[in-house]
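1. Any chance you can model this:
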Amino acid sequence: MAEKPPLDRQSLDRIASFFKVFAEPTRLAILQVLRQGPASVNDIVATLSTSQANVSKQLKTLHDADLLQREQRGTQVIYSISEPLVFELCELVCSKLNRRARAESSMIYEI
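-> Residues are numbered from 1 along each chain as shown. Just a heads-up that it's a prediction; the model follows:
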């Protein structure tokens, strides 16, 4: 198999920006809620016990990263996962953390 050429700086910046989307705990919590199915902003706020402003801000970031889709239903906006890849990434990270936790006989992570 041929070796791939190194990525240019612009490509690396785009990849880093994508990974930054996952670097905020509230965003991960929102993804966890939406894994159960579509939800309104109010449903997410009630589940996470955080402010509506914070949830809206984090939803915008996830939507701008093309990870969520939104649908207007009357006066509510319903969010859902548009990119199932997020769960594959989370499972990879959780698997790594679980290996380390088992080695340290510590807490097991799961999203």
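2. quick one: low-confidence ranges for the protein?
-> Low-confidence segments of the chain (pLDDT under 70): 1, 106-111.
3. Please go through it and pick out the longest helix.
-> What stands out as the longest helix in the chain, according to DSSP state H, is helix 85-104.
4. could you show me where the strands are in this structure, in order?
-> 39-40, 68-73, 76-81 (DSSP state E).
5. Adding distance to Leu97 and mean neighbour count, write the ones you listed out as a markdown table.
-> C-beta coordinates here come from the backbone N, C-alpha and C atoms, glycine included. Output for these, formatted as a markdown table (distance: least, Cβ to Cβ, whole Å; neighbours: other Cβ atoms under 10 Å):
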| stretch | distance to Leu97 | mean neighbour count |
| --- | --- | --- |
| strand 39-40 | 26 | 16 |
| strand 68-73 | 24 | 13 |
| strand 76-81 | 21 | 16 |
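6. who wins for proximity to Glu24 among those?
-> Distance to Glu24, taken as Cβ to Cβ, is lowest for strand 68-73 among the strands of the chain, at 14.0 Å.
7. could you give the angle of the closest one to helix 85-104?
-> Angle of strand 68-73 versus helix 85-104, following axes from the mean of the first three to the mean of the last three Cα atoms, to 10 degrees, is 130 degrees.
8. residues near Ala37, how many?
-> Ala isn't right for residue 37; it's Gly. By the criterion of other Cβ atoms under 10 Å, Gly37 has 10 neighbours.
9. can I assume it is in contact with Ser80?
-> Yes: applying Cβ atoms under 8 Å, one finds Gly37 in contact with Ser80, separated by 7.4 Å.
10. then the longest helix of the chain to CSV, C-alphas only?
-> Output of helix 85-104 as CSV, limited to C-alpha atoms (Å, rounded to 0.1, in the frame of the first residue of the first chain):
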residue,chain,number,x,y,z
LEU,A,85,-19.9,9.3,12.6
VAL,A,86,-20.1,11.2,15.9
PHE,A,87,-20.9,8.0,17.7
GLU,A,88,-18.1,6.0,16.1
LEU,A,89,-15.7,8.7,17.2
CYS,A,90,-17.1,8.7,20.7
GLU,A,91,-16.9,4.9,20.9
LEU,A,92,-13.3,5.0,19.8
VAL,A,93,-12.4,7.5,22.5
CYS,A,94,-14.4,5.7,25.1
SER,A,95,-12.7,2.5,24.2
LYS,A,96,-9.3,4.1,24.7
LEU,A,97,-10.4,5.6,28.0
ASN,A,98,-11.8,2.3,29.2
ARG,A,99,-8.5,0.5,28.4
ARG,A,100,-6.7,3.1,30.4
ALA,A,101,-9.2,2.9,33.2
ARG,A,102,-9.0,-0.9,33.4
ALA,A,103,-5.3,-0.6,33.6
GLU,A,104,-5.6,1.8,36.4
